[in-house]
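Asker: Sequence unavailable; structure follows:
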Ligand code: THU
C-alpha cells in the first residue's frame, strides 16, 4: 500500500513515501456503505460527553460480520482519563467481537450546538490503536473522515496516516 522510493546521496539514502487519501467533494459521492457509516458517525456526535472541549466526536467501526459498533468521545475532569471516539469504538468492537476483522472506521466531529461538521483526522494515539488492530488482523482498516468544506477524505489503510509505525512485529 505504501510506495517507497530511495534517492542515494553521497553517504546516505533518502527515503520518499507516497501517501495518498481519496477525497470526495461531498458525502453524496461516497459509496452507499461509506455514506451510511459517516452518517452514523455524525449521529454519534450527539452521544459525546465533551463538556470541557465542546468538540463532539462520533465514530463507528464496521466489522466483517456486519456489526457496526459506535463510539463517541468521553471526557473527564482529570483530562487523561477521557478517551477519543475512535478508541471507544475500536475497544468496544474488540471487546464484544474479539478477533473479528474491522473493515472500516468512520469519524465525524461537530461543535456543541452546531450542525456543521468539523474537519477531523484521528489523533496520534488513535492512529497507533488503529494500527495495532490492522497489524493484528493483517488486513487494512479504511478510515473515513470529515474533510474541509463538506468534503470527505478516505484513507485506505492506517499506513496512509501513520507511516513508519511501531508494531508488535518490532518486538520479535
Ligand atoms: N478527540 C476525539 O475523540 N478524536 C480525535 O481523533 C481527536 C480528538 C476528542 C478528544 C477530546 O475529547 C476532544 O476531541 C478535544 O480534543
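Answerer: Great, that's in hand. Just so you know, these numbers come straight off a predicted model, no measurement behind them.
Asker: Run through the residues that contact the closest residue to residue 79 other than its chain neighbours.
Answerer: Of all residues not flanking residue 79 in the chain, residue 52 sits nearest, at 7.0 Å (C-beta to C-beta, 6 or more residues apart in numbering). (Glycine included, C-beta is placed from N, CA and C.) Contact partners of residue 52, counting by C-beta atoms under 8 Å, 6 or more residues apart in numbering, are 75, 77, 79.
Asker: you'd agree residue 93 is up against residue 102?
Answerer: Yes. Using C-beta atoms under 8 Å, residue 93 is in contact with residue 102, at 6.1 Å.
Asker: which residues do the two both contact?
Answerer: Common neighbours of residue 93 and residue 102, using C-beta under 8 Å, 6+ apart, are 61, 63.
Asker: where are the low-confidence patches of the chain?
Answerer: Low-confidence segments of the chain (pLDDT under 70): 1-4, 9.
Asker: need the residues of it near the ligand, please.
Answerer: 50, 53, 55, 57, 73, 75, 82, 84-86, 120, 122-123, 126 (C-beta under 6 Å from any ligand atom).
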